[in-house]
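In: coords please:
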Amino acid sequence: MTTPPDEGEEQVPISVRLGTVVPPEDPEDWTRPLTWVAAIGMLSGPLAALAWLGLARPTASSSLLPGAVAISLALVAGAMLTGSTQIGRIWVFAGTLGAGLFGALLTVVTGALLSGERQVGVASPSLALAFLSAVGGAAGAVAAALTALALSDLVRPGRRWLPSAAAGIAVALIVVRLLASD
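Out: Residues are numbered from 1 along each chain as shown. Model (predicted):
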């Protein structure tokens, strides 16, 4: 059983009610949320994976470390970039964490799509690189988000990104190094 729409809801165009994106009336609305910066941040890890797998596809598990470090650092940097577009401590935390997890997911999908070879019982080096990078980048994004949350009341917004990024990068490097060691 459906309920009839409210009077205010009938005045809103159907395209807006269904979620279709409509251009804003005020051009300044495009710069307020910094949507393009947040999108670049969320896509930095998958784009780094795409570039790395396109230019230097790993052929063996022993050659995963340089690519995994580069891609996981791109994930952490992108997550921090997205989190820096947010206002408020909870939004900074959620933006950083969400961008890191979304970027990690897309990195694994990119690795799976570009792996080329299919193996039974063991992952291809391309997929292993993407997974290793995603785990390291996601761990770094969690550390960066928690650091940004902890520092939000102590440090001005323009200065909290540096310690948060440093914590995220350190955790990403440690996780990638631990997972890549044989």
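
In: show me where pLDDT drops low in this protein?
Out: Along the chain, the parts satisfying pLDDT under 70 run over 1-34, 60-62, 117-123, 155-158, 182.

In: ok, 80 please
Out: Along the chain, the model assigns pLDDT under 80 to residues 1-39, 56-65, 85-88, 114-124, 152-161, 181-182.

In: which residues in it form helices?
Out: Along the chain, the segments classed as helices by DSSP state H run 7-11, 14-17, 35-55, 65-83, 89-114, 125-151, 161-180.

In: mind giving me TSV with those and columns for mean neighbour count?
Out: Where C-beta positions appear, they are placed from N, C-alpha and C, glycine not excepted. Listed next are the helices of the chain as TSV, based on neighbours: other Cβ atoms under 10 Å:
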stretch	mean neighbour count
helix 7-11	8
helix 14-17	10
helix 35-55	20
helix 65-83	27
helix 89-114	22
helix 125-151	25
helix 161-180	20
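
In: Count the neighbours of the closest residue to residue 151 other than its chain neighbours for me.
Out: With Cβ to Cβ, 6 or more residues apart in numbering as the criterion, residue 151 has its nearest non-adjacent residue at 4.5 Å, and that residue is residue 160. Residues near residue 160, counting by other Cβ atoms under 10 Å, number 23.

In: I'm done for today, thanks for sticking with me.
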